[in-house]
Structure formats: C-alpha cells, structure tokens
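Student: got a predicted model here, sequence first, then my questions.
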Amino acid sequence: MSVGGRVIDRGELGRLSAGARLFATGATESAHTLALDWAGSVLGAGVGLVTAEELDPGTLCVAITLAGSTTALGEQLPRGDEPVRAVRAVERRLGQRAGAIVALNLAAENALLPLITAAELGVPMVDGDGTGRVFPLVEQTTYTLGGVSPAPLALAGASGELVVLETAPDRVEELLRPVVLSLGGWALAACYPMTAGELAGVLVPGTVSLLLRAGVPGAPRSTAAPYGVRTLCQGQILAVEGSTGHGADLALPSLPSSIVVRESEGLRRLVRLEAHNEIVLALADGAVVAMAPDQICMISTDDGMVVDVDKAGPGQEVEIMVVRAAPVWHTDEGLALGGLRAFGIPL
C-alpha cells in the first residue's frame, strides 16, 4: 500500500518498462523481457510508490541493482529468490528490517529489479534513484556523493550463492567484479543501506514517475530526462576504432574505443565519440561539444532504440542525444567521481 496513494500495478508496469528503455545503454532484449515477465509474475496488487519524505525518517532503505552482465542474466535464469536473499543478508548484518526499496539507477531491467524486490518483500519503492542517469561503477552514485557507503553489500547469485562484502567504499568495485564473474556473470546486489532521512538528502527524486510518464505511447523521449536533453547531431557512423590510449590504466570493465559519425545535415561535421564502457566525450571537428558526467547516447533512427558502443558499426544511421546530468554531478566532487577523469581521460 502506498503512503502517498500511488501504486505501480500491472497497468503501469508496461509504461515503466518502456520508459526505462529510452536512454538505457547495455540493455539486452532477453534480459529486459525476463525482468518484465518476472515483475509481472510477482507484482500482485501492485507496489506502493512513495517519496523518501513520506517515509518515517528512521526507515531502513536498501538500493537494488543488477551487478554484472545483462547478457549473462538473459542466459543464466534467476531462481526467483535472489531479491529476498540479498536484502535479508543486509538486514541480518544490520539487525534491522528494510522498510523500503530504492533503485541504484533506472535503466532497463534496473528499473524493474527494485520493483520486483519491493513486491517480494511487501514494502514500497521510493520514487527516485541514485544517479539520474547511468554510470558503469557501483560507487558512481549520488549516494556516494552524499557520504553513504555501498557496503555492506550483498550479492545473490542464480545458483543459490550469497556473498556479503564489507569493505571501504573505494574498494567495493575492485572486490565485486571478480565475485560476480565467479557467480556466472551476474548477481542481484542489495547495497547502500541508509535511513529514509538520509536518502531524502542524496536521492535524485521523482525519476520513477518520469519514466512512467515517458512510457506512455506518443510521449516525447525527453520526458525521461529529468534535467533536460538536447540533440547533438544526426548522421551516419563512418568508423568504429580501437583504443586511443586513453584510460589504459583505469580499472573499468570495458575497453576504450572511438566512433566517428558524419553529420547528415547542417555543417556536416565529423563527430568523434570517445567511449569507455559508455560514450564519455563528443568532439565535433575537434571541438568538445559534450562530455561526462552528462550522458551521451546514440539513438538508432531505424527503431528508436539506444545503440550500444559494442554494437555500433559503419553505415548505421544514428541521432546523438545528450542527457543533462543532475546538478550534483557538475560540482567538483561530482566531476571527480563521474567526469572525464573518472574514465581516464584528462582534459
């Protein structure tokens, strides 16, 4: 039951799913369909959607995210008890029951897994998330910027494994990645335990509601961008190149690459997209026109879906869109955690 009166039920599930795909990178159809079917099977009468302020300030809130590969999720099916096992492990460590679930980010299946978890536990889901966009590392969140640690963090694997990590915040990713690989490539993570009072100060608010509105047929894509979106250019991919050397020493789960797009109209500029797990820098005829922490997306003009960096190829027609990051990402602390230097690119 929702404190604020709103419930995400089966009627709204499809809209949430559609809205979550609009700027999602790294999503796979099989994983998203699996998560959507999973959510539909457990949703029941629905999950309450609340603001952090509507909860008692002492309520324990736990963030939920997929750790690892969406491809692995689509190939190694969940048992179904992963959300409960992960959250219960955090609860045992803290000696307190969770009273609400919140998303780490809201891209593709990461919008559905918190909903599944909240439904399974019979608690509400908080209207907001910890990024306002998507970053590749667990510690790249507004929760971190607010001083909340991702640990204790619990990982529930598809074969019944349960791993609890308790370490310094800056070592979570280093320890998490090899564990996830050993679990088969994916796990459900319960992390960033905090009170609702703390959450209210570090959350990017209202983003679940935005996705529900953006998922309505005919709604403009910009509805899913809480702080605005602009079109950089439209054109054809000319080349996809290997590493330029940037980020060679960075411990990111990806390889750097570059994508060259020829603008189809206007000045017909050559737009170069530098990527490291995601596109982090855009240059038009050598001039910087967009960069992290703003999110840079390639949208296919054929089907309107996001084109992932590792699936980009010469000849594809794309629209390059830039999603403005939450204001906190443009502070000195935010730039250090989510700006170009965080991806190994000095500028």
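Tutor: Thanks, I have the structure now. Numbering: from 1, shown residues only.

Student: tell me the buried residues in the lowest-mean-pLDDT helix or strand in the chain?
Tutor: Least confident element among the helices and strands of the chain, by mean pLDDT, DSSP states H and E: helix 70-75 (a mean of 88). Judged by neighbour count using 16 or more other Cβ atoms under 10 Å, the buried positions of helix 70-75 are 70, 72-75. C-beta: built from backbone N, CA, C; applies to glycine.

Student: give the rounded mean pLDDT of the helix or strand containing Ser257.
Tutor: Assigned by DSSP states H and E, Ser257 belongs to strand 256-263. Summarised as a single mean, pLDDT over strand 256-263 is 92.

Student: and what of stretch 327-346?
Tutor: 92.

Student: can you pull the contacts of Ala52?
Tutor: Taking Cβ atoms under 8 Å, 6 or more residues apart in numbering, we find Ala52 in contact with 61, 102, 126, 128, 196-197, 199-200, 203, 205.

Student: try it again with 6 Å
Tutor: 126, 196, 199-200, 203 (Cβ atoms under 6 Å, 6 or more residues apart in numbering).

Student: and for Thr207?
Tutor: Listed by Cβ under 6 Å, 6+ apart, the contact set of Thr207 reads 106, 128-129, 226.

Student: let's see 10 Å
Tutor: By Cβ atoms under 10 Å, 6 or more residues apart in numbering, the residues touching Thr207 are 19-20, 103, 105-106, 111, 127-133, 224-226, 326.

Student: cool, Trp186 as well?
Tutor: Applying Cβ under 10 Å, 6+ apart, the residues contacting Trp186 are 31, 66-76, 78, 82, 155, 157-158, 180.

Student: can you name the residues bridging to it?
Tutor: Gly68 (DSSP bridges).

Student: what about it, distance to Gly68?
Tutor: 4 Å (Cβ to Cβ, to the nearest Å).

Student: before we move on, the earlier item: which of the contacts of Ala52 fall within helices?
Tutor: Cross-referencing the contacts of Ala52 against helices under DSSP state H gives 196, 199-200.

Student: of the residues you listed - the most surrounded one?
Tutor: The most neighbours of any of the ones in helices among the contacts of Ala52, using other Cβ atoms under 10 Å, belong to Leu199, which has 29 neighbours.

Student: okay, domains of the chain per the record?
Tutor: Listed domain ranges for the chain are 6-224, 229-343 (source: automatic domain parsing).

Student: deepest in the core, which of the ones you listed is it.
Tutor: Stretch with highest mean neighbour count among those: domain 6-224 (a mean of 20; mean count of other Cβ atoms under 10 Å).

Student: and that one, end to end?
Tutor: 19 Å (Cα to Cα, to the nearest Å).

Student: check contacts around Ser257.
Tutor: Contacts of Ser257 by Cβ under 10 Å, 6+ apart are 240-244, 273-277, 279, 309-310, 312.

Student: on that earlier part again, rank the domains of the chain by pLDDT, which is bottom?
Tutor: The lowest average pLDDT among the domains of the chain, as it happens, falls on domain 229-343, at a mean of 88.

Student: from start to finish, how long is it in a straight line?
Tutor: Start-to-end, domain 229-343 (Cα to Cα) is 22 Å.

Student: also stretch 24-31?
Tutor: Length of stretch 24-31, first residue to last, Cα to Cα: 13 Å.

Student: would you check that Leu137 makes contact with Arg177?
Tutor: Yes - taking contacts as Cβ atoms under 10 Å, Leu137 lies within contact range of Arg177: 9.4 Å.

Student: direction included, what does the strand holding Ser257 pair against?
Tutor: strand 229-241 (antiparallel), strand 270-276 (antiparallel).

Student: distance from it to the middle of the chain?
Tutor: 23 Å (Cα atoms, centre = their mean, to the nearest Å).

Student: which one of the strands paired with strand 256-263 lies closest to Arg93?
Tutor: strand 270-276 (33.3 Å; Cβ to Cβ).

Student: Arg171: what's it in contact with?
Tutor: Residues in contact with Arg171 (Cβ under 10 Å, 6+ apart) are 139, 151, 165.

Student: nearest to Gly344 among these?
Tutor: Glu139 (15.6 Å).

Student: that closest one should be in a helix, yeah?
Tutor: No - with DSSP: H, G, I helix; E, B strand; the rest coil as the criterion, Glu139 is coil rather than part of a helix.
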